[in-house]
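**Q** turn this into a model:
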Amino acid sequence: MMIAAPFLSKMRRFTIVALVLTGFQAQAQSAREVSEVITDFGGLWKSAKGSLNSIKPDNSHNLLAFTYKGKTFSTGANDDKLTKNGVAFTKGYYVGYFFSNEAVTATSNTKIALGASYDGVANGASNPAPTNSISKYLSDGLNGLDLGTGVANMPKGDLVYDAKNILPAAIGDDVPDILVTQIADPSNSVDSYEFLDKDGNLVGGRVNIAFTNISTVGKWTADFYEASKTPMALGAGYTKTERDLRLWAADFADFGLTKDNISQVRTFVIHLNGNSDLAFVAYNANAFYEQSPYGDIVPLPVTLTSFTAKQLQEQVQLSWSTASEKNSSHFEIMASTDGRQFATIGKVNAAGNSNVSLVYTFKYTPATSEVTYYRLKQVDLDDTFEYSKIIAVTLQERAAENLVYPNPVSGSASEVILQHAATGGNIEVWNLAGEKMLALKAEPGTVRTILPVQNLPKGIYLIVCQANGSRESTKLVIQ
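**A** The predicted structure follows:
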């Protein structure tokens, strides 16, 4: 039996159920299939049953939303991008299960499925080959929802997850609670999905799925590396190949779960037939509540009402607000360049206890102008914690104008950074009396220059940049 570690979003164990793309009968499967997907490939990529997008993704792309029974649900991976692109959706929060490498052992038929350009080579194998890690490619991307990586021909066996603490209100609400993906050539073989009690007995009913009965919602272009070899090899016939994307979603009620029997549920089990092709298996994180080891429902330390980000010149300002706080200790601000591996970049103390709305801010200068992902870790006084949603920010280049930061600047500062439109050229700093206070040359090939200001008295200055026949200026205030 393969045991897959549940995804933990808090120190206390998070209750989990996977979003399974599977059904009872072919008829039920068709009723529960996902009919459209929206990802962030190329900015925003939509593809639907009966209206397949002619563009076939060939790299990583994250599932941002999907349509189920005529309603579009966001995954919480990047709701801002959906809104900016005019997509109407019901807000959701879905997270991919974490698969440990110990849970799955590759066979000679197991393949690592990667977008054809993922390895940096559009039509062939890279050297060195991509990392051989089943866990990585089943759990990567925003919220673990990367549709451009996965594993084909998952070995036959069982995956077992913790699945207690289901919210009664989540049963039969027509909001998907389980989501499974199929990213290659489906077989007629059946995968089974079920919930068990503490003694391993079936609770409710078993859902059996053959993905040949699920409609295609998109196509992608993939390489299939041999997972049984390290380093991995890319064989003939498995390079830059077109494959279908299929997804199937289910409510807890589809498994025969009711408000009377959900208290018996302890685990969620997937019986793999040996031919499954997964990008991820995900669960509705809003469908569970937390419990203490004694069975008491534990209130979260903070009621977070918003978490946003905006660019301030070269910085990102993160802002969040709380409606109430109980025994809250602090917020850890975390950043990531891939949406999965996060590092703490700062800390802001919390109010402790509050019944009024509070607003917090934190400024950060990322090391890159590429997309950076942020989340909050809300920590209680007893060290239990919860993560916020993940938000993504890409710094917009502002080379069309001169910028200086910080500005205004304290008189004790030793330097400021000037961003200028042209590369090279001369830079001069003038005071309001018309005196040249500073002169230096900008280095060729750079649009940023450090200006030493430690010897400048308080006042207002004009910074003039001259290059390539153009002259631009900006104001600097030293306080």
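
**Q** ok, the residue nearest the centre of the chain to Lys389 distance?
**A** With distances taken as CA atoms, centre = their mean, the residue of the chain nearest its centroid is Leu142 (1.5 Å). Leu142 is 10 Å from Lys389, where distance means CB to CB, to the nearest Å. Any C-beta I mention is one placed from the backbone N, CA and C, and that applies to glycine too.

**Q** go on, Lys111?
**A** 33 Å.

**Q** which one's more surrounded, the two?
**A** For Lys111 versus Lys389, neighbours defined as other CB atoms under 10 Å are more numerous around Lys111 (24 against 17).

**Q** quick check: the more buried one touching Met154?
**A** No. With contacts defined as CB atoms under 8 Å, Lys111 does not count as touching Met154, sitting 9.7 Å away.

**Q** what is the neighbour count of Thr449?
**A** 19.

**Q** domains for the protein, by residue range?
**A** Per the record, the chain has its domains at 23-287, 303-394, 403-478, by the TED database.

**Q** make CSV from the ones you listed and add mean pLDDT to it.
**A** Shown next, in CSV, are these (pLDDT from 0 to 100):
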stretch, mean pLDDT
domain 23-287, 90
domain 303-394, 83
domain 403-478, 77
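
**Q** which of those domains is buried the deepest?
**A** Highest mean neighbour count among those (mean count of other CB atoms under 10 Å): domain 23-287, with a mean of 20.

**Q** so how far is that one from its chain's centroid?
**A** Centroid displacement of domain 23-287 relative to its chain, using CA atoms, centre = their mean, to the nearest Å, is 15 Å.

**Q** make residue 1 into 36 and carry on from there
**A** Sounds good: first residue 36 from here, last item domain 58-322.

**Q** residues contacting Leu486?
**A** Leu486 is in contact with 439, 450-453, 462, 464, 473, 475, 498, counting by CB atoms under 8 Å, 6 or more residues apart in numbering.

**Q** figure out the helix or strand that it lives in.
**A** strand 483-487 (DSSP states H and E).

**Q** adjacent strands (with direction) for that strand?
**A** strand 450-454 (antiparallel) (DSSP bridges).

**Q** after the partner strand comes which helix or strand?
**A** Defined by DSSP H and E, the subsequent element after strand 450-454 is strand 461-466.

**Q** and that following strand, what other elements does it pack with?
**A** strand 471-476, strand 483-487, strand 494-502 (3 or more CB pairs under 8 Å, 6 or more residues apart in numbering; DSSP states H and E).

**Q** the ones you listed: which one's closest to Phe133?
**A** strand 483-487 (40.1 Å; CB to CB).

**Q** in a helix, Ala288, correct?
**A** Yes. Ala288: assigned to a helix according to DSSP: H, G, I helix; E, B strand; the rest coil.

**Q** pretty sure it is touching Ala205, no?
**A** No. The pair Ala288 / Ala205 is not scored as a contact, 9.2 Å apart, by CB under 8 Å.

**Q** could you pull out the strands for the stretch 136-285 of the chain?
**A** Secondary structure of the stretch 136-285 of the chain (DSSP state E, counting those that start in this stretch): strands at 146-150, 184-189, 192-197, 213-217, 226-231, 237-244, 253-261, 276-285.

**Q** can I get those in a markdown table including distance to Asp415?
**A** Output for these, formatted as a markdown table (distance: least, CB to CB, whole Å):
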| stretch | distance to Asp415 |
| --- | --- |
| strand 146-150 | 39 |
| strand 184-189 | 35 |
| strand 192-197 | 21 |
| strand 213-217 | 30 |
| strand 226-231 | 30 |
| strand 237-244 | 32 |
| strand 253-261 | 42 |
| strand 276-285 | 33 |
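
**Q** among these, which is nearest Gly111?
**A** That would be strand 213-217 among those, by CB to CB, at 12.7 Å.

**Q** strands paired with the closest one, and their directions?
**A** Sheet pairing of strand 213-217 (DSSP bridges) gives strand 276-285 (antiparallel), strand 316-319 (antiparallel).

**Q** so which of the ones you listed is nearest Met267?
**A** With CB to CB as the criterion, Met267 lies closest to strand 276-285 of these, at 15.8 Å.

**Q** quick one, the closest one and strand 184-189 angle?
**A** 90 degrees (axes from the mean of the first three to the mean of the last three CA atoms, to 10 degrees).

**Q** dump the next helix or strand after strand 276-285 to PDB, restricted to CA.
**A** Once the chain leaves strand 276-285, the next helix or strand it forms, by DSSP H and E, is strand 302-307. Coordinates of each C-alpha in strand 302-307 appear next as PDB, following Å, rounded to 0.1, in the frame of the first residue of the first chain:
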ATOM      1  CA  THR A 302      -9.300   8.400   5.600                       C
ATOM      2  CA  PHE A 303      -9.800   9.000   1.900                       C
ATOM      3  CA  VAL A 304      -8.400   6.200  -0.300                       C
ATOM      4  CA  ILE A 305      -7.500   6.200  -4.000                       C
ATOM      5  CA  HIS A 306      -7.100   2.700  -5.600                       C
ATOM      6  CA  LEU A 307      -4.900   3.200  -8.700                       C
END
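
**Q** which other helices and strands does the very next helix or strand once past strand 302-307 contact?
**A** Next helix or strand after strand 302-307 toward the C-terminus (DSSP H and E): strand 311-313. Applying 3+ CB pairs under 8 Å, 6+ apart, we find strand 311-313 packed against strand 184-189, strand 213-217.

**Q** nothing else from me, thank you.
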